[in-house]
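what follows is a predicted protein model with its sequence.
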Amino acid sequence: MIDKNKLRGSDIISGGLFGVLGIYILIESFQMPLSDSYGGVTTHWYVSPALMPIIIGIGMILLAIAIIVNGIRNGGKEQLEAERNEKKGKPFIDDNKIRFYAVMLPLVSIVFINLNTIDFYLNAVMYLLFTTCFFYLEDMVFLKKGITIATVFEIIIAALHFSGVDRKLTQVFFASMDLIGLAAVIVMNISLIMYAKKAGNEVYMKKAKHIMLVSYIMPLLIVPLFKFALRVPMPHEGGFINLMSMVYYALR
C-alpha cells in the first residue's frame with residue numbers, strides 16, 4: 001500500500017502543475033468563439049465548441065486548488081522541506097516521482113495527443129481508466145505496471161500523430177486510431193483483472209470492478225448529453241461517437 005502521509009508534498013507540486021495546465025486550457029478555449037452568426041442565424045454560447053474545454057479547464061483548476069490545500073493542511077510543505085534535506089544519496093526516480101508522472105501522463109496525453117486523434121468517448125474512457133487504475137487501487141506495484149502500459153501506447157499514438165501517419169491510416173479506415181486506443185483499454189483491463197486475481201485480494205477485485213464501471217459509464221452519460229442534448233461538437237468524433245449518432249437517430 002502507498003504511504004499517504006509521505007505523499008502530501010508531491011500533491012502540492014502536482015496540484016500546481018495541474019492548475020497551470022487548466023489555465024492553459026482556459027486560455028486556448030477563450031480563443032474560440034462563444035457565439036457567432038452563420039447565414040443570418042446567431043448561435044448561442046451553450047452550443048459553442050469552447051464550452052467543453054472551458055468546463056474541463058475550470059474543473060482542473062478547482063481540483064488543483066483542492067489538492068494543494070489538502071497537501072498543505074496535511075503537512076505537505078514540511079514534507080517538501082524534509083525531502084530536500086534528504087535528497088542526497090537517494091535514487092533519481094523514487095515512488096514520489098513515479099506518482100507525479102502518473103498524474104501528468106494521462107493529462108498531457110489527453111490534451112496534447114489524444115484529443116484530436118482518438119474518438120472523444122474512447123479518449124475519456126482511457127483517461128479515467130488510467131487515472132483510477134493508478135490511484136484508486138493504491139498499489140505501487142500495479143502503479144508501475146500501469147504506467148508502463150500507458151506510456152507504451154501513448155508513445156505509439158504520439159509517433160503516429162506527429163509523423164502524420166495517423167492521417168494516412170484514417171484515409172484507409174476512419175477509426176484506425178480508435179483501434180489503438182481500444183487496444184490500450186483492453187490491455188489495461190486485462191492487466192488489472194489478472195493482477196487482482198493474482199493478488200487474491202477481494203478488495204482489489206471490488207476496486208477493479210468499480211474502476212471499469214466508472215470508466216465506461218460516466219463518459220457514456222456525459223458525451224451523449226453534450227453531443228445530442230446541448231449540441232456541442234466533440235473535439236474528435238470517431239467510431240464510438242458515430243455509433244452513438246446512428247443509435248440516436250435510429251431511435252428518434
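Received the coordinates, thanks. Being a predicted model, the structure only gives us computed values, none of them experimental.

please report how far Met218 lies from Ile211.
11 Å (C-beta to C-beta, to the nearest Å). (Glycine included, C-beta is placed from N, CA and C.)

check Gly76 too.
The value you get for Gly76 to Ile211, if C-beta to C-beta is used, is 26 Å.

quick check: buried residues in stretch 127-145?
Judged by neighbour count using 16 or more other C-beta atoms under 10 Å, the buried positions of stretch 127-145 are 127-134, 137, 139, 142-143, 145.

just stretch 110-121 next, same as before
Neighbour count says stretch 110-121 has 110-111, 113-115, 117-121 buried, by 16+ other C-beta under 10 Å.

with respect to Gln171, which of the residues you listed is nearest?
Set against Gln171, the nearest of these by C-beta to C-beta is Thr117 (14.4 Å).

go ahead and confirm the closest one touches Ala159.
No. With contact defined as C-beta atoms under 8 Å, Thr117 does not reach Ala159; the gap is 11.3 Å.

how about low-confidence regions in the stretch 51-200 of the chain?
Scanning the stretch 51-200 of the chain for pLDDT under 70 picks out the ranges 83, 86-96.

list the buried ones in the helix or strand that contains Asp178?
Secondary structure from DSSP states H and E places Asp178 in helix 176-199. Buried residues in helix 176-199, counting neighbours by 16+ other C-beta under 10 Å, are found at 176-178, 180-182, 184-185, 188-189, 191-192, 195-196, 199.

what average pLDDT does the helix or strand just after it get?
Note on helix 176-199: by DSSP H and E, the next helix or strand toward the C-terminus is helix 202-224. In this model, helix 202-224 carries a mean pLDDT of 89.

quick one: residues in contact with helix 202-224.
The contact list for helix 202-224, computed with C-beta atoms under 8 Å, 6 or more residues apart in numbering, reads 120-121, 124-125, 128-129, 132-133, 136-137, 139, 189, 192-193, 195-197, 234, 241, 244, 248.
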